[in-house]
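Asker: Build the 3D model from these lines:
(2 chains)
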Amino acid sequence: MTGSIAAIGAGLAAIGAGIGIGRIGGSAMEGMARQPEAASKIQAAMIIAAAFVEAVSLFAVVVALLGN
Amino acid sequence: MRNNRFFVVNRHAFVLIFALFSFVSINAFANTENVHSDSTQAQVNHTDSAAHGNAHAAGHGEEEKFNPSELILEHIADSYDWHLWGHTSIHLPVILYTDKGLEVFSSGKFNHGHDVYAGKNNYKIEHNHIVIVDAAGNVDEAASKKVLDFSITKNVASLLLSVTLLIIIFLSVASAYRKTEGKAPKGFQSMIEPVIIFVRDEVAKPNLGYKYGKFMPFLLTIFFFIWMNNMLGLVPFFPGGANVSGNIAFTMVLAVITFIVINLNGSKAYWGHIFKPHVPLWMYPLMIPVEIVGIFTKPIALMIRLFANITAGHILILSLISLIFIFKSALVATVAVPFAVFISVIELLVAFLQAFIFTMLAALFIGMAIEEPHADH
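Answerer: Residues are numbered from 1 along each chain as shown, chains lettered A, B, ... in the order given. Modelled structure (predicted):
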């Protein structure tokens, strides 16, 4: 059973990261549409923010793997 | 573990095919789970032959079930030989330091983990590690713990290869600058120059300000080193194929170097933020431990991010290819192979992006550390 519970944990982490990165991407798109001249700056900030969100979910995945 | 009911092949196949048609990243996570549901790594070499078309284990009379978890784990793990094709592999040297002194021999002596090599001790590969066994073939735990393994494994060999490639590329480009001084860049130089300018203008300057020059060598080194290893890891056959940047030890060394660079360059303001934060005095017992933990979490996040991203990519591609052998049908290949190619193309982007993010965050953290105190504080 441990395998399946860890899988649920990893799935929840994926959902969380999906929502987080989705919101970052959506807001960045909106920002770029409103201000196309700031697109490159927004993009760089977006990638950094996405990397932080992703890191949290990757922590969850690694914990799920170790707990398996 | 092995007969875990949830992960018997039919269910496994169902989960995989369901995941294939659902969300890509969830697919990656689910497969990561499947892989680790089976930690038994015995007979890894047999599953290897299964991957190359012979679904039956060579040398074993009875048919063996195709186990994708074993196959994938074996492919992303480090090993003592570098597999070429079929039953051909390069036997890399094994270098051990034991109580009885230095020991150097070819990993071919193990005959893919089947044989015991009798040197100063009796050595055997058990779960991808070299252990000492006694005459009866039992593992001597106490003696095995004392073995220091400096072997040139697949990852080390791939690492040396990428280092050599980087040295050749950058020495030739550097000499090209000497030759074409004052003229437009030529040949390979014109490919490298925009990337260096990109790191300088998009990564170093915005984060480090006017002090960027001091950190450019470090940033460029980690950027090209990670990128080169990521790209070599994506090549499915001989010169590539080692999962170097998906190895936690490799990313840990990069993170430790980054940690040292950040903290050696910490300004007065940086240490002031940690040990004398701008909060009321009664919050110090709370804030100072949090800030100290913060010093360590930054490089640890860098370490885990690179490791997990690259490993997840490798697992995803391998599990897509495994689908063909799970269903034992060539028809599945019409779906799995294009999808694997598609994921490989995404991985090319990820290889660049992870190198960029590692460099970017390293620059960001260094920038935070070297920051001069602001007037408003």
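Asker: Am I right that residue A:62 is in contact with residue B:308?
Answerer: Yes. Taking contacts as Cβ atoms under 8 Å, residue A:62 lies within contact range of residue B:308: 6.0 Å. In short, each C-beta sits where N, CA and C put it, glycine included.
Asker: So for those two, which sits in the more crowded spot?
Answerer: For the pair residue A:62 and residue B:308, the greater number of neighbours falls to residue B:308 (25 against 18), based on other Cβ atoms under 10 Å in any protein chain shown.
Asker: who's in contact with that one?
Answerer: By Cβ atoms under 8 Å, 6 or more residues apart in numbering or on different chains, the contact set of residue B:308 is A:58, A:61, A:62.
Asker: Please report the distance of it from residue B:225.
Answerer: Residue B:308 sits 19 Å away from residue B:225, going by Cβ to Cβ, to the nearest Å.
Asker: now swap in residue B:302 and tell me
Answerer: 14 Å.
Asker: okay, and the common contacts of these two?
Answerer: residue B:254.
Asker: residue contacts, residue B:172?
Answerer: residue B:188.
Asker: what's the spacing between it and chain A?
Answerer: As defined by Cβ to the nearest Cβ, to the nearest Å, residue B:172 lies at a distance of 31 Å from chain A.
Asker: who in chain A is up against chain B?
Answerer: A:1, A:3-4, A:6-7, A:10-11, A:13-14, A:17-18, A:44, A:47-48, A:51-52, A:54-55, A:58-59, A:61-62, A:64-65, A:68 (Cβ under 8 Å from any Cβ of the partner chain).
Asker: mind checking how far residue B:167 is from residue B:294?
Answerer: Counting by Cβ to Cβ - residue B:167 and residue B:294 are separated by 36 Å.
Asker: From chain A, how far off is residue B:260?
Answerer: For residue B:260, the distance to chain A - Cβ to the nearest Cβ - is 21 Å.
Asker: secondary structure class for that residue?
Answerer: helix (DSSP: H, G, I helix; E, B strand; the rest coil).
Asker: what about it, how many neighbours?
Answerer: Neighbours around residue B:260, by other Cβ under 10 Å: 11.
Asker: that older thread, return the members of the residues of chain A next to chain B classed as buried.
Answerer: Buried subset of the residues of chain A next to chain B (neighbour count, 16 or more other Cβ atoms under 10 Å in any protein chain shown): A:3, A:6-7, A:10-11, A:13-14, A:17, A:44, A:51, A:54-55, A:58-59, A:61-62, A:64-65, A:68.
Asker: okay, now the residue of the stretch 151-300 of chain B found nearest chain A: neighbour count?
Answerer: Here the stretch 151-300 of chain B gets closest to chain A at one residue, residue B:202, 6.6 Å apart by Cβ to the nearest Cβ. Using other Cβ under 10 Å, residue B:202 has 17 other residues around it.
Asker: That one contacts residue A:44, correct?
Answerer: Yes. The criterion here is Cβ under 8 Å, and residue B:202 meets it with residue A:44 at 6.6 Å.
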